[in-house]
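*Asks:* what's the 3D shape of this:
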Amino acid sequence: MENLKKYFIYTMGCQMNLYDSEVLAGYLESMGFIPASVEEEADILVLNTCAVRQKAEEKVFSKLGMWRAHKESKPKMLMILWGCMVQQKGKAAYIRKRYPYIDLIGGPHALGRFPELFEEATIARTPVIAVEEGEGRSRVFSVKREDDVFAWVPISYGCNNFCSYCIVPYVRGPEKSRPSAEIISEIESLADSGYREITLLGQNVNSYGKDLSDTPDFADLLRKITPIQGLLRIRYMTSHPRDFTVKMIQTVAQEPKICEHFHLPLQAGSNRILALMNRGYTREAYLELVSKIREIVPSCSITTDFIVGFPGEKEKDFRLTMDMLEKVRFDAAFTFIYSPREGTKAAEMPGQLPAAEKRARLILLNKRQAEISQEINAQLLGTKQEILVEGKSKTDPNYYSGRTRTNKIIHFQCDNAHAGSLVTVGINEAKAWTLRGEYISADTDKIFIFKK
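*Replies:* Below you'll find the model as predicted:
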């Protein structure tokens with residue numbers, strides 16, 4: 001290992017994957033390696049993959065093709081392929097045959113064994129594959145976090161829902177909750193280090209604790225976290241609409257540290273399609289949930305996910321999805337074209353739609369949602385908003401960026417804004433996805449120096 005000095009991790013997919021990459025980075029740095037600023041400088045290349053959509057897989061293969069040149073120019077380089085894609089049945093063997101220059105192939109269940117797998121691949125210099133199923137993850141990791149202000153904190157792994165289109169239960173396994181004491185201890189340590197916002201992660205956070213005895217439910221877990229000193233904001237994702245209770249809504253309303261942002265993936269507006277998706281709720285139940293949320297937390301934002309072009313989706317089904325945009329008026333929506341995943345029930349369903357038809361529906365959905373988002377954001381013009389400063393804007397270094405409690409991105413100009421501090425900004429420009437404003441003041445009680 002003495003000739004391997006720098007590592008580079010390329011991450012695809014969801015927030016849980018981002019966290020897993022932070023764990024991989026933590027392991028590598030504990031072994032004495034340092035991050036490379038660009039992949040060309042690296043002695044260790046890690047590609048953390050996603051399996052949710054076909055496009056993500058195609059991107060993986062494209063990236064591996066480009067990385068082959070790095071391997072040829074640096075034969076002693078260690079190349080690692082990790083994550084959900086390689087956990088799919090037969091995928092690791094296929095990759096090993098097609099890309100024999102990859103040194104280590106590991107699925108998410110093997111995360112806790114990464115150091116020994118890395119050592120094995122380094123010493124043997126022969127391909128190592130670790131895609132076993134089951135509880136391969138240790139509970140506590142050494143994490144090298146990418147940010148100094150907010151942190152991801154998993155509260156559970158895996159999923160029990162088996163939506164007909166989703167590969168996640170097959171690659172991440174059944175839901176397993178972390179003990180609440182372990183979660184709270186991790187967050188206390190983060191807050192003491194200067195982190196001001198944490199996002200609790202799970203495929204379905206609302207079902208937290210159901211697999212453990214003498215464990216608080218998710219609402220009670222939140223109430224145990226809120227007293228932690230130094231913590232300013234708490235977020236969570238993802239929530240399943242079927243499991244979102246009135247108790248949970250009331251907890252958000254009553255606990256000032258919990259942000260008033262509800263991300264509730266709808267996926268489709270047609271009851272027929274929702275049933276085919278195995279989502280476990282109807283459009284009427286979803287609308288009732290939205291109404292209850294806005295009754296109890298009137299200042300909230302609500303965002304969602306949509307999948308268009310699901311097998312058998314007819315024009316009238318799509319119109320019902322468009323109708324839900326009007327009825328709910330989401331602050332924002334993450335929209336996707338249905339992508340068949342081998343091994344899921346939906347992949348075998350009749351009525352697979354042509355790609356052109358799916359794209360056309362996505363364009364219509366995105367266009368209308370952008371208009372609604374613009375209209376909602378325009379209502380903030382002239383208002384003052386409290387934001388948590390994240391740092392310099394990634395798109396314009398003349399601006400700082402931060403988020404409101406409702407998860408709206410605001411860019412503002414200021415001579416010296418401290419990352420991790422709460423500031424007040426007056427909104428003077430509104431776009432569909434971002435806002436701009438003028439710095440007004442800072443909460444001097446909540447300006448700090450990061451202690452990392």
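
*Asks:* separation between the residue nearest to Ile249 when sequence neighbours are not counted and Leu289?
*Replies:* By the measure of CB to CB, 6 or more residues apart in numbering, the closest residue to Ile249 outside its immediate chain neighbours is Ile296, 4.8 Å from it. Every C-beta, even on glycine, is put in place using the N, C-alpha and C of the backbone. With distances taken as CB to CB, to the nearest Å, Ile296 is found 11 Å from Leu289.

*Asks:* do Leu380 as well
*Replies:* Using CB to CB, Leu380 is found at 25 Å from Leu289.

*Asks:* ok, now Lys6?
*Replies:* Using CB to CB, Lys6 is found at 48 Å from Leu289.

*Asks:* more neighbours, those two?
*Replies:* Legend: neighbour count by other CB atoms under 10 Å for Lys6 and Leu289, higher for Leu289 (20 against 17).

*Asks:* wait, the more buried one sits on Pro241?
*Replies:* Yes: at 5.8 Å, Leu289 and Pro241 qualify as touching, with contact defined as CB atoms under 8 Å.

*Asks:* okay, and the common contacts of these two?
*Replies:* Common contact partners of Leu289 and Pro241 (CB atoms under 8 Å, 6 or more residues apart in numbering): Leu264.

*Asks:* do a quick rundown of the helices in the stretch 201-350 of the chain.
*Replies:* 218-225, 246-254, 271-277, 283-296, 315-328 (DSSP state H, counting those that start in this stretch).

*Asks:* for the third one, which positions count as buried?
*Replies:* If I follow you right, that is helix 271-277. Asn271, Ile273, Leu274, Leu276, Met277 (16 or more other CB atoms under 10 Å).

*Asks:* just the last one next, same as before
*Replies:* Buried positions in helix 315-328, judged by neighbour count with 16+ other CB under 10 Å: Asp317, Phe318, Leu320, Thr321, Met322, Met324, Leu325, Val328.

*Asks:* as CSV, those residues with distance to Ala25 would be great.
*Replies:* Shown next, in CSV, are the buried residues of helix 315-328 (distance: CB to CB, whole Å):
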residue, distance to Ala25
Asp317, 43
Phe318, 42
Leu320, 44
Thr321, 39
Met322, 42
Met324, 40
Leu325, 39
Val328, 38
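
*Asks:* and Cys50, what does it touch?
*Replies:* By CB under 8 Å, 6+ apart, the contact list for Cys50 reads Met12, Gly13, Cys14, Asn17, Ala56, Glu57, Val60, Gly83, Cys84, Met85.

*Asks:* using the three-state scheme, assign the fifth one.
*Replies:* Meaning Ala56. Of the three states, Ala56 takes helix according to DSSP: H, G, I helix; E, B strand; the rest coil.

*Asks:* for it, give me its contacts.
*Replies:* So Ala56 contacts Met12, Gly13, Thr49, Cys50, Met85 (CB under 8 Å, 6+ apart).

*Asks:* recalculate using a threshold of 10 Å.
*Replies:* For Ala56, the contact set (CB atoms under 10 Å, 6 or more residues apart in numbering) comprises Met12, Gly13, Thr49, Cys50, Gly83, Cys84, Met85, Ser339.

*Asks:* surely the third one meets Leu81?
*Replies:* Right, Thr49. Yes: counting by CB atoms under 10 Å, Thr49 does reach Leu81; the two are 6.6 Å apart.

*Asks:* can you list residues touching both of those two?
*Replies:* Val60, Lys63, Leu64, Lys91, Ile95, Ile105, Gly107.

*Asks:* and whichever helix or strand Glu386 is part of, which residues are buried?
*Replies:* For Glu386, the enclosing helix or strand under DSSP states H and E is strand 384-392. If you call a residue buried by 16+ other CB under 10 Å, then strand 384-392 has these buried ones: Gln385, Ile387, Leu388, Val389, Glu390.

*Asks:* what about the nearest residue to the fourth one once chain neighbours are set aside, helix or strand, and which?
*Replies:* It stands for Val389. Excluding the flanking residues, the one nearest Val389 by CB to CB, 6+ apart is Gly402, at 4.5 Å. Gly402 is part of strand 400-404, with elements assigned from DSSP H and E.

*Asks:* ok, back up a step: now do the contacts for the residue nearest to Ile249.
*Replies:* By CB under 10 Å, 6+ apart, Ile296 lies in contact with Val246, Ile249, Gln250, Thr251, Val252, Ala253, Gln254.

*Asks:* what about the helix or strand where His70 lies, distance to the chain center?
*Replies:* Element membership for His70 (DSSP H and E) is helix 54-73. With CA atoms, centre = their mean, to the nearest Å as the basis, helix 54-73 stands 23 Å off its chain's centre.

*Asks:* again, but for stretch 200-217
*Replies:* With CA atoms, centre = their mean, you get 17 Å for stretch 200-217.

*Asks:* then stretch 425-439?
*Replies:* 25 Å.

*Asks:* coming back round to it: now, of the contacts of Ile296, which are buried?
*Replies:* Here, 16+ other CB under 10 Å leaves Ile249, Thr251, Val252, Ala253 buried among the contacts of Ile296.

*Asks:* now those as TSV including pLDDT?
*Replies:* Formatted as TSV, the buried ones among the contacts of Ile296 follow (pLDDT from 0 to 100):
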residue	pLDDT
Ile249	98
Thr251	98
Val252	98
Ala253	98
